[in-house]
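Participant: Mind looking at a prediction? Sequence and model below.
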There are 2 protein chains.
Amino acid sequence: MKLKELAEKLSLSQTTVSRALNGYPEVNEATRERVNRAALKFGYSANANARRLAMGRVGAIGLVIPADSSQRFGPHTAEFLAGLAERLSRDEIDFLLSPIVDNDEISVYKRLISSKRVDAIIVSGPVLVDERVSMLLDANFPFVLHGRTNIDRPHAWLDIDNQGAFYQAASHLLDLGHRHIAMIDGLRGFTFSEHRELGYRQALNERGVEIDPRFIVHNYFSDEIGFRETQRLLSCTPQPTAIIAGSMMTALGVSRAIRNKGYQLGKQISLITHDDVFPYLNASNMVPSMTTTRSSMRSAATRIAEMLVRVLDGEPVDAIHELWPVELIVRQSSGPPVGR
Amino acid sequence: MKLKELAEKLSLSQTTVSRALNGYPEVNEATRERVNRAALKFGYSANANARRLAMGRVGAIGLVIPADSSQRFGPHTAEFLAGLAERLSRDEIDFLLSPIVDNDEISVYKRLISSKRVDAIIVSGPVLVDERVSMLLDANFPFVLHGRTNIDRPHAWLDIDNQGAFYQAASHLLDLGHRHIAMIDGLRGFTFSEHRELGYRQALNERGVEIDPRFIVHNYFSDEIGFRETQRLLSCTPQPTAIIAGSMMTALGVSRAIRNKGYQLGKQISLITHDDVFPYLNASNMVPSMTTTRSSMRSAATRIAEMLVRVLDGEPVDAIHELWPVELIVRQSSGPPVGR
DNA sequence: TCTTTTATCCAAAGCGCTTTGGATTGGTTA
DNA sequence: TAACCAATCCAAAGCGCTTTGGATAAAAGA
């Protein structure tokens, strides 16, 4: 069933039918009713391609994802997608996942833009100086950045206060009396990772605590890395008495290594984790419950979707950016250092 | 830059340029070269919407995902997407995630079909009698099913042997001498969940072991559920001496509850988990290492993408289906029951 | 030398929709 | 009563591409 046929059945012009369906004012309410009913009855629904071709709009937003079996497509991405879906479904906006081909990320973005399949793009996991962002700015293509990058041109972004998170976490541990604090975070180069390290360093510097480079780890977020690196850390002299983990996955491995060594969490070794709030992994239900810096990935994504809609509605991007504070939630996994 | 302009610049017709670009034979090789170079130089790339409108093909496949903040969009889905991306990127096939609107899944599928935005659909998480599948068959729309459903019409599917998995797991535990075995699996109604229970029952029946309905749990896959349900199970009389968990997330909670009770995994209580092989959660690195029934979600997805391409190439669907065996990997979390 | 092929190329007709720029009608205003 | 207006509706022109059905010229066959 196509527009023309529907119009014929109704003895109306395509124009009128189209307008009725799309809610334009210049059509009689009675007519609109009739059209809507007929559309429903015949199961008519506009061919999206034709529609987009005519309108120059798409109704989909783009997301570039790693295609290799890297660690980068993990639970974080899943939560992120779920959050986007939650909001975008309201406006019937779909999203297009474009896998990275030949490890050439930038050209996937270019292809996405020039093929006119999406109205806007969401960029995540920015590095300090992000080529993708400058490219999108140059191309004048609408996007929202999840995270931040050092580019001095106005663009829409949402980030959480990663520096503050690790600053709070480290400060809390210092307050408790810890002087040997390690951090196991994400890969170096990513802004969030660098910001977190900054916060960590800032806290230690403020107290005049020397920074041991062996205590700063950057790697993938995984149980295994958490486990291995903690084993390594626990073999250092002096040992760290506290660890800050960048993700829940990492923390699982860290806890395991700590227990394995016969230590108790929150006693001989303290652990603070950044918690992106996975529905299937609840920090307060752990034993001992986990002290965390908490910020829901899903909510952030939902908000980003919201911002994206505003960008598409033509709102100036320099007004669209948010920095979310991160909350430190003290639970049982952090306590004063205990002699051994 | 559009086709017309490019053609003018080259003093060729749009026809020829289009044909050159799309690799049709009726164009001189020299001309084709010239066209390709020009396209590259001017950064020309066909408007996908126009292209699809003209061809009636799309270059994207659809995937319907839950939009609410349910548990259903979790790490499993993420792995699945990653696996699809891995294969589909080769053919430059994007995918379109359509969130479920108003909890009306079937109409999202209908919308996806009628709006002509995707060439095919991937259906996952089938229930025993799946309305979506029969609808897609009725509509004669190409799809591949991840899992199985009781429908007697030919269609493409890939499933793992869930029944065999739990049968093997239960049998192994029975061999070790366990007589009180619990299972904590996914939600009732889903085929995979029912199949697993079948396997579990089959194993117990074969040995004449009575089935305690309190020992069969169906719920979301999450750490928390694992923890809570295990606590409940451990308060039963008699206690189960072994537990089969449906996912790694569940198993994390189960282990925690077991340790919490002062029991050792593989000693007082055994645990076997189904492992979908998450890159960030490695069964063999756990302490104690985890006995699992193992089947990579990501590989399955990659294979499904492969099958999808075959479906789109017109291969008859009744030849396209695979049942993957599941491997039991015995590690340390399962052992003979120990008196307490 | 003249007719056939063969290799290239092109004009124009869609694909199914939105939107511009009128028509038409019945009711208002002067 | 004539001129004007608002409310409805429509014909037709795109949107940018692919593809059909020739045209044209060069090569081959008679």
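Facilitator: Now that the structure is in, tell me what you want to look at.
Participant: Report the next helix or strand after the helix or strand bottoming out on mean pLDDT in chain A in sequence order.
Facilitator: Lowest by mean pLDDT, DSSP states H and E among the helices and strands of chain A is strand A:94-99, with a mean of 80. Next along the chain after strand A:94-99, taking DSSP states H and E as the criterion, comes helix A:105-114.
Participant: is that next one anywhere near chain B?
Facilitator: Yes - contact of helix A:105-114 with chain B (C-beta under 8 Å from any C-beta of the partner chain) involves A:111, A:114. For glycine as for every other residue, the C-beta is placed from the backbone atoms N, C-alpha and C.
Participant: Are there helices or strands packed against that helix, and which ones?
Facilitator: strand A:60-65, strand A:94-99, strand A:120-124, helix A:131-139 (3 or more C-beta pairs under 8 Å, 6 or more residues apart in numbering or on different chains; DSSP states H and E).
Participant: Quick check: which of these is buried the most?
Facilitator: strand A:94-99 (a mean of 25; mean count of other C-beta atoms under 10 Å in any protein chain shown).
Participant: Which other helices and strands does that strand contact?
Facilitator: Partner elements for strand A:94-99 (3+ C-beta pairs under 8 Å, 6+ apart): strand A:60-65, helix A:75-88, helix A:105-114, helix B:75-88, strand B:94-99.
Participant: Pairing partners for the first one, with directions?
Facilitator: The one in question is strand A:60-65. Looking at strand A:60-65 with DSSP bridges, its partner strands are strand A:94-99 (parallel), strand A:120-124 (parallel).
Participant: right, so of those, which gets closest to DNA strand C?
Facilitator: strand A:94-99 (16.3 Å; C-beta to the nearest atom of the strand).
Participant: So what touches that closest one?
Facilitator: By C-beta atoms under 8 Å, 6 or more residues apart in numbering or on different chains, the surrounding residues in contact with strand A:94-99 are A:59-67, A:81, A:84-85, A:88, A:108, A:111-112, A:117-118, B:60, B:81, B:85-86, B:88-89, B:94-99, B:117.
Participant: chain center to that strand: distance?
Facilitator: Here strand A:94-99 is found 15 Å from its chain centre; the criterion is C-alpha atoms, centre = their mean, to the nearest Å.
Participant: go on, stretch A:324-340?
Facilitator: The answer for stretch A:324-340 is 25 Å, by C-alpha atoms, centre = their mean.
Participant: Any idea how far apart the tips of stretch A:43-54 sit?
Facilitator: Distance between the boundary residues of stretch A:43-54 (C-alpha to C-alpha, to the nearest Å) amounts to 22 Å.
Participant: Okay, buried residues for that stretch please.
Facilitator: For stretch A:43-54, burial by neighbour count (16 or more other C-beta atoms under 10 Å in any protein chain shown) applies to A:44, A:45, A:46, A:47, A:48, A:49, A:50, A:51, A:52, A:53.
Participant: didn't the third one look like it was pressed against residue B:111?
Facilitator: Going back to what we said before, that points to residue A:46. No - contact criterion C-beta atoms under 8 Å: residue A:46 and residue B:111 do not qualify, at 10.7 Å.
Participant: tell me the angle of the host helix or strand of residue A:157 relative to helix A:131-139?
Facilitator: Counting by DSSP H and E, the element that carries residue A:157 is strand A:156-160. Interaxial angle of strand A:156-160 relative to helix A:131-139 (axes from the mean of the first three to the mean of the last three C-alpha atoms, to 10 degrees): 160 degrees.
Participant: For DNA strand D, see how far away residue A:208 is.
Facilitator: According to C-beta to the nearest atom of the strand, to the nearest Å, residue A:208 stands 63 Å off from DNA strand D.
Participant: Does that residue belong to a helix, a strand or coil?
Facilitator: Classification of residue A:208 using DSSP: H, G, I helix; E, B strand; the rest coil returns coil.
Participant: Please tell me I have it right and residue A:245 contacts residue A:251.
Facilitator: Yes - Residue A:245 is within contact range of residue A:251, at 4.2 Å (criterion: C-beta under 8 Å).
Participant: Show me the common contact partners of the two, please.
Facilitator: Common neighbours of residue A:245 and residue A:251 (C-beta under 8 Å, 6+ apart) are A:226, A:271, A:273.
Participant: picking up where we left off before, quick one, which of the helices and strands packed on helix A:105-114 is nearest to DNA strand D?
Facilitator: Ranking those by their distance to DNA strand D (criterion: C-beta to the nearest atom of the strand) puts helix A:131-139 first, at 16.1 Å.
Participant: just to revisit the earlier point, can you add distance to residue A:233 and give the helices and strands packed on strand A:94-99 back as TSV?
Facilitator: Supplementary listing: these in TSV, determined by distance: least, C-beta to C-beta, whole Å:
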stretch	distance to residue A:233
strand A:60-65	32
helix A:75-88	23
helix A:105-114	33
helix B:75-88	27
strand B:94-99	39
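Participant: any chance of those in TSV, with distance to DNA strand C too?
Facilitator: TSV is the format used below for these (distance: least, C-beta to the nearest atom of the strand, whole Å):
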stretch	distance to DNA strand C
strand A:60-65	15
helix A:75-88	20
helix A:105-114	19
helix B:75-88	25
strand B:94-99	18
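Participant: Of the ones you listed, which is nearest DNA strand D?
Facilitator: Of all these, helix A:105-114 comes closest under C-beta to the nearest atom of the strand, at 9.1 Å.
Participant: Could I get the full set of strands for chain A?
Facilitator: A:60-65, A:94-99, A:120-124, A:143-146, A:156-160, A:181-185, A:216-218, A:242-245, A:270-275, A:291-294, A:321-324, A:327-329 (DSSP state E).
Participant: Flag the shaky bits of chain A, pLDDT-wise.
Facilitator: A:67-72, A:340 (pLDDT under 70).
Participant: about what we covered before: between the helices and strands packed on strand A:94-99, which gets nearest to residue B:331?
Facilitator: Closest approach to residue B:331 among these (C-beta to C-beta): helix B:75-88, 21.0 Å.
Participant: got the angle for that closest one vs strand A:60-65?
Facilitator: Using the same axes, to 10 degrees: helix B:75-88 against strand A:60-65 is 90 degrees.
Participant: Look up the closest residue to the one residue sitting closest to the centre of chain A, ignoring the ones flanking it.
Facilitator: Closest to where the C-alpha atoms of chain A average out (C-alpha atoms, centre = their mean) is residue A:80, at 4.9 Å. In this structure, residue A:80 finds its nearest non-sequential neighbour in residue A:301, 4.6 Å apart by C-beta to C-beta, 6 or more residues apart in numbering or on different chains.
Participant: Roughly how far does the one you found sit from chain B?
Facilitator: 11 Å (C-beta to the nearest C-beta, to the nearest Å).
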